[in-house]
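S.K.: Sequence and predicted model, in that order:
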Number of protein chains: 2
Amino acid sequence: MSISLEELQLAARNHGMPLEALRHEITPLGLHYLLTHYDIPLVDAALWRLTVSGERSLELSLDDLRARETVTMPVTMECAGNGRAQLEPHVVSQPWLVEAVGTAEWTGTPLAPLLAEAGVGEDALEVVFTGLDRGVEGGVEQLYERSLALADAAGGLLAWGCNGEPLPPQHGFPLRLVVPDWYGMTSVKWLQRITVVSEPFDGYQMVTGYRLRRDEDDPGTPVTRIEPRSLMVPPGIPDFMTRRRFLPEGRVRLEGRAWSGWGPIERVELSVDGRAWQPASVGDPPGPSAWAPWWMDWDATAGEHELRVRATDATGRRQPDAPPWNVGGYANNVVQRIAVTVTRFER
Amino acid sequence: MSISLEELQLAARNHGMPLEALRHEITPLGLHYLLTHYDIPLVDAALWRLTVSGERSLELSLDDLRARETVTMPVTMECAGNGRAQLEPHVVSQPWLVEAVGTAEWTGTPLAPLLAEAGVGEDALEVVFTGLDRGVEGGVEQLYERSLALADAAGGLLAWGCNGEPLPPQHGFPLRLVVPDWYGMTSVKWLQRITVVSEPFDGYQMVTGYRLRRDEDDPGTPVTRIEPRSLMVPPGIPDFMTRRRFLPEGRVRLEGRAWSGWGPIERVELSVDGRAWQPASVGDPPGPSAWAPWWMDWDATAGEHELRVRATDATGRRQPDAPPWNVGGYANNVVQRIAVTVTRFER
């Protein structure tokens, strides 16, 4: 595998969560993954207004929004392109390995009452969310925009806070959408407009981007909810350059977190050196749309080993052994593999 | 240019500052560059102690440190490997383009009085700073450790705060060293020990890493202070994949920031399409060890253009037109170049 200058430019801007940060139930600010399509806008919150257009049009300041019903919820968010760099044939875009994930406590106001206030007509079909971030993609100059069916939008939160702080610029200051259980592209940042529409929205990010396509001629199906995934804190210590892991012989606690946007995590299993899958202990997630902790003790013997972990959710969805390929390289939730070198104590 | 899987693993963990964040005088938390040699340690601050060994040995809790003289200072920090990915022949390590920089307001206590309290003997030569982060590098298992000559250590700050918040885990919680004007490898994170020594410290990060070497046989010279550099906020809007910039015809404000660890910034100059260098306006930095803002208006005409910017500091050091190559790929402060496409207004 090799990565081009263009992909490196993206990798240098968009950062993943180092896997040792899986130790934190709530990802500390600055460690949550970040994917920005264009530039991070600089917004003057005092001048900023959100326009909500339904049967009526509302214009709201940040203070107006903060005066409404306020909730805080932990949400595990993952980029739809997570796992892309592991795919063969190679897919050119932001080259994520497995680290495009994080869990934040988002504070904001539920979207549904605001839509009701703006008036949702009988012919209403979707809600379009428009950000302030502008760029060129696939030759089309555009604002970042995505839509949701009315029923899916009902679960959305309009968030101005992250981990108890005002939203940082890179996470959508002053206001972003958070849609629990869906891949991150849905949670539009730097919101400026919310529009109820009666026709399917045909913007670039709906019709061209974020679709599961077998080949270039396949119109494909939309990327929606997060497929199940489990990740392990790599045990032991790393080699700086290769990131190979080294640990001493003896009992070691393997641990990590697992999540799915389709239902609760039902099972996490580990396999050492391709042997039979063994169940790990699974704890309670901090909320219905957040990852669950898991752990298992392993008696490490000297030598080279490969650890694998996979999750299964309550709907029966399970991580596959081979990566599911598609044109855009989306939703690759292949089983995680970690190579470790176990050394005698004297090392 | 192409990047290997190993380099991508590093790029996915260690993130740069997206250049549009140059608009902020103080880099918001989470946008400052980050380079972690091994793993980010998880530290229980209640159990953590700092040992300072001179003629006497002190053991200090975080509360002990916070009870001392407290200062806050803005410091521009840059990774010594910034610019590495632009080098030919290719140097394999963390593949930074130009974005490994940031300016934070660090809060902590000056190092010098603490060293005096521990007792600096007449034969004292250097101070060794030892972190909690352990890994393997160049085949050597080690804690991350660096030393400074006594005179250079005098300017150090022991910081527990960043931008008014407790140090985040990734920036060295609970305590890190901050050495203004020096490349970032000097500012050891997750400090556990400070030791006054009477012999030159020969740890890996002093003798093998972070040296300017012409070839593998050259013992080289140490990487120390930050070479001058200026960076521009890329004007206009980007293409998602190529990051090419698009802007309309007409007057546009070009802006950015410039810094040097050797002295104040004296001059920032721009060149369009290789024509003569023109001086930009330079403002005051927020502190003596922080970047200075600069700006210049440009009358953009339709077509393809290349913008270049370079800084000169008060010692006469100036950014070179060609990258200065060395084995480790350190301190490449070549002039920044940005390609832009200027379009007619109708685009």
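M.R.: Looks like it arrived, so ask away.
S.K.: Helix, strand, or coil at residue A:20?
M.R.: Here residue A:20 is helix, with the state taken from DSSP: H, G, I helix; E, B strand; the rest coil.
S.K.: distance of it from chain B?
M.R.: Look at residue A:20 and chain B: by CB to the nearest CB, to the nearest Å, they are 4 Å apart. For every residue, glycine as well, the C-beta is placed using N, CA and C.
S.K.: ok, now residue A:2?
M.R.: From residue A:2 to chain B the distance is 4 Å (CB to the nearest CB).
S.K.: Report how many residues lie close to the residue nearest to that residue when sequence neighbours are not counted.
M.R.: Of all residues not flanking residue A:2 in the chain, residue B:2 sits nearest, at 4.1 Å (CB to CB, 6 or more residues apart in numbering or on different chains). Using other CB atoms under 10 Å in any protein chain shown, the number of residues around residue B:2 comes to 12.
S.K.: repeat for residue A:13
M.R.: Neighbour tally, residue A:13, other CB under 10 Å: 25.
S.K.: contacting residues for it?
M.R.: Contacts here follow CB atoms under 8 Å, 6 or more residues apart in numbering or on different chains; on that basis residue A:13 touches A:36, B:15-16, B:18, B:99.
S.K.: could these go into a markdown table alongside pLDDT, distance to residue A:113 and secondary structure?
M.R.: Below are those laid out as a markdown table (pLDDT from 0 to 100; distance: CB to CB, whole Å; DSSP: H, G, I helix; E, B strand; the rest coil):
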| residue | pLDDT | distance to residue A:113 | secondary structure |
| --- | --- | --- | --- |
| A:36 | 98 | 30 | coil |
| B:15 | 93 | 37 | coil |
| B:16 | 96 | 40 | coil |
| B:18 | 98 | 35 | coil |
| B:99 | 97 | 41 | coil |
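S.K.: Reformat the residues you listed as a markdown table; add neighbour count and distance to residue A:30.
M.R.: Formatted as a markdown table, these follow (neighbours: other CB atoms under 10 Å in any protein chain shown; distance: CB to CB, whole Å):
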| residue | neighbour count | distance to residue A:30 |
| --- | --- | --- |
| A:36 | 23 | 15 |
| B:15 | 27 | 9 |
| B:16 | 28 | 13 |
| B:18 | 21 | 13 |
| B:99 | 22 | 15 |
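S.K.: which one of those residues sits closest to residue A:54?
M.R.: residue A:36 (29.1 Å; CB to CB).
S.K.: Identify the bridge partners of the residue most central in space within chain A.
M.R.: Nearest to the mean C-alpha position of chain A, by CA atoms, centre = their mean, lies residue A:78 at 1.1 Å. Following DSSP bridges, residue A:78 is listed with bridge partners residue A:101.
S.K.: Next one: it from chain B, what distance?
M.R.: 14 Å.
S.K.: How about residue A:285?
M.R.: For residue A:285, the distance to chain B - CB to the nearest CB - is 20 Å.
S.K.: Could you give me the buried positions within stretch A:334-347?
M.R.: For stretch A:334-347, a neighbour-count test (16 or more other CB atoms under 10 Å in any protein chain shown) marks A:334-336, A:338, A:340-343 as buried.
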